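Enquirer: below are the sequence and a predicted model for it; my questions follow.
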Amino acid sequence: MISALRDIPPMTDSEFRMFCELIRNHCGLHFGPESRFLLEKRIARRMNELEIGSYAAYHYLLRSERDGGEEMANAVDELTTNETYFFRELSPLRALVNEIVPEFQQRTSRPVTIWSAGCSSGEEPYTVLMLAREAGLEPGRDIHVYASDISRRMLHKARRGVYREASFRDTESYYREKYFVEKDGSHCIRDELKRHVDFIHLNLVDRQKIAILGTMDVILCRNVIIYFDVETKRGVVQTFHEKLHPGGYLLMGHSESLLNLSNDFELRHLSNDMVYRRPTPGEESGDRWHTAAQSAIGRFDRDEDARGRFDRDEDAIGRFDRDEEKS
């Protein structure tokens, strides 16, 4: 267990602004005044490991040409919130497997390409594969799943595919028994699924590196851009638009919307959920205000449920931070 720092002076207002600007420019993460304590605590944890005694010195290290790159990756690992679990917000995933993939299969013989952007420790892409298998789809033949995250630590966990009980809070025993192997108190995803996810280290604001990905049919980016400021959100959504085939789909979290972020997508009402779609050339975009109103009405109907999930997630994030401090 890492001992608490006792001799580091509190972060000054100017140091807080410098860190906020540096982190935002690097990866888009936004820390407002309400998040100052969280930023200070997590940075101090890393400084303790390096035995650095001032925030100014650590800021200089991050900005330095020689060491900043690798250490910035370590700082991002500390600063990202990685709260996720299997079968989280299930309805858009059911829409993906039961409606969107079959739609693409009617017009192409190649695998449907799916990108889980901001996959954290891998629960989302593995959930997609489990649902696909249950729907009679064959990974590799019918779908190809890519998954990316900015946290190298989380990607290492995702590639290992070893999970503790917290990841199964909404998982039926059927899936756990069929797709996991229990070992030493944890559950390991079976190789038959693990080998069908291509995990990639990507920064969503680094357009040059994102260019290595091909064009996708579906992008999942759920509960990720909520941590960005408005300008960064718009840039990331524009990148998603460019990376989608015409007619491709963007699936976001239930509490998220493209309102005031982009007019380049249309809202589609499917049996299982509402999703965003990049129109094909020549398609009418429709009345944007009507689309926005429909979106607001649909989300209002789910507001109480979404608020309950948000409260539970906030509690889980608090537990996550406490567990990290104990480890």
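Expert: Happy to help now that I have it.

Enquirer: pLDDT on stretch 64-73, on average?
Expert: In this model, stretch 64-73 has an average pLDDT of 75.

Enquirer: revised request: answer the last question for stretch 241-258.
Expert: What stretch 241-258 shows for mean pLDDT is 96.

Enquirer: check which residues of it are buried.
Expert: Using 16 or more other C-beta atoms under 10 Å as the test for burial, stretch 241-258 gives 241, 243-245, 248-258. Heads up, the C-betas are built off the backbone N, CA and C, glycines and all.

Enquirer: run the chain-centre distance for it.
Expert: 13 Å (C-alpha atoms, centre = their mean, to the nearest Å).

Enquirer: farthest-apart pair in the buried residues of stretch 241-258, please.
Expert: Maximum pairwise distance among these (C-beta to C-beta): 26.7 Å, between 245 and 255.

Enquirer: please enumerate the helices of the stretch 151-300 of the chain.
Expert: In the stretch 151-300 of the chain, the segments counted as helices under DSSP state H, counting those that start in this stretch are 152-160, 173-179, 191-194, 207-210, 230-243, 288-301.

Enquirer: dump those into TSV; add distance to residue 94 as well.
Expert: Converted to TSV, these look like this (distance: least, C-beta to C-beta, whole Å):
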stretch	distance to residue 94
helix 152-160	22
helix 173-179	14
helix 191-194	18
helix 207-210	28
helix 230-243	21
helix 288-301	16
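
Enquirer: what's the closest of these to residue 42?
Expert: Here helix 152-160 is closest among the helices of the stretch 151-300 of the chain (C-beta to C-beta), at 12.8 Å.

Enquirer: coming back round to it: how about the helices of the stretch 151-300 of the chain, which one is nearest residue 35?
Expert: The closest of the helices of the stretch 151-300 of the chain to residue 35 is helix 230-243. By C-beta to C-beta, the value is 15.0 Å.

Enquirer: buried residues, the closest one. List them.
Expert: So for helix 230-243, counting by 16+ other C-beta under 10 Å, buried means 232-237, 239-241, 243.

Enquirer: what's the answer for stretch 156-176, then?
Expert: By neighbour count on 16+ other C-beta under 10 Å, the buried set for stretch 156-176 is 157-158, 161-163, 167-168, 171, 175.

Enquirer: with adjacent residues omitted, what lies nearest to residue 79?
Expert: Counting by C-beta to C-beta, 6 or more residues apart in numbering, residue 79 lies nearest to residue 42, which is 5.5 Å off, once chain neighbours are set aside.

Enquirer: shouldn't that neighbour be within a helix?
Expert: Yes - according to DSSP: H, G, I helix; E, B strand; the rest coil, residue 42 belongs to a helix.

Enquirer: show the model's pLDDT score for it.
Expert: pLDDT at residue 42 comes out at 94.

Enquirer: can you check residue 304 too?
Expert: pLDDT, residue 304: 50.

Enquirer: residues in contact with stretch 222-236?
Expert: 24, 28-30, 81, 84, 88-89, 92, 117-118, 124, 204-205, 221, 237, 251-253, 255-256, 260-262 (C-beta atoms under 8 Å, 6 or more residues apart in numbering).

Enquirer: ditto for stretch 128-136
Expert: In this structure, residues lying in contact with stretch 128-136 by C-beta under 8 Å, 6+ apart are 86, 93-94, 96-98, 101, 114, 116, 139, 142-143, 145, 175, 179, 193, 196-197, 220.

Enquirer: please pick the buried ones from those.
Expert: The buried subset of those (16+ other C-beta under 10 Å) comprises 86, 93-94, 96-98, 101, 114, 116, 139, 142-143, 145, 175, 179, 193, 196-197, 220.

Enquirer: if we can go back for a sec, neighbours around the residue nearest to residue 79, how many?
Expert: Using other C-beta atoms under 10 Å, residue 42 is surrounded by 19 other residues.

Enquirer: ok so, going back, now the buried residues of helix 230-243 in TSV, with distance to residue 18?
Expert: Output for those, formatted as TSV (distance: C-beta to C-beta, whole Å):
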residue	distance to residue 18
232	18
233	23
234	24
235	22
236	23
237	27
239	27
240	30
241	32
243	32
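
Enquirer: relative to residue 71, which of these is nearest.
Expert: Nearest to residue 71 among the buried residues of helix 230-243: residue 232, at 21.9 Å, using C-beta to C-beta.

Enquirer: hang on, the earlier thing: of all the buried residues of stretch 241-258, which comes closest to residue 61?
Expert: When the buried residues of stretch 241-258 are compared for distance to residue 61 (C-beta to C-beta), residue 243 wins out at 33.3 Å.
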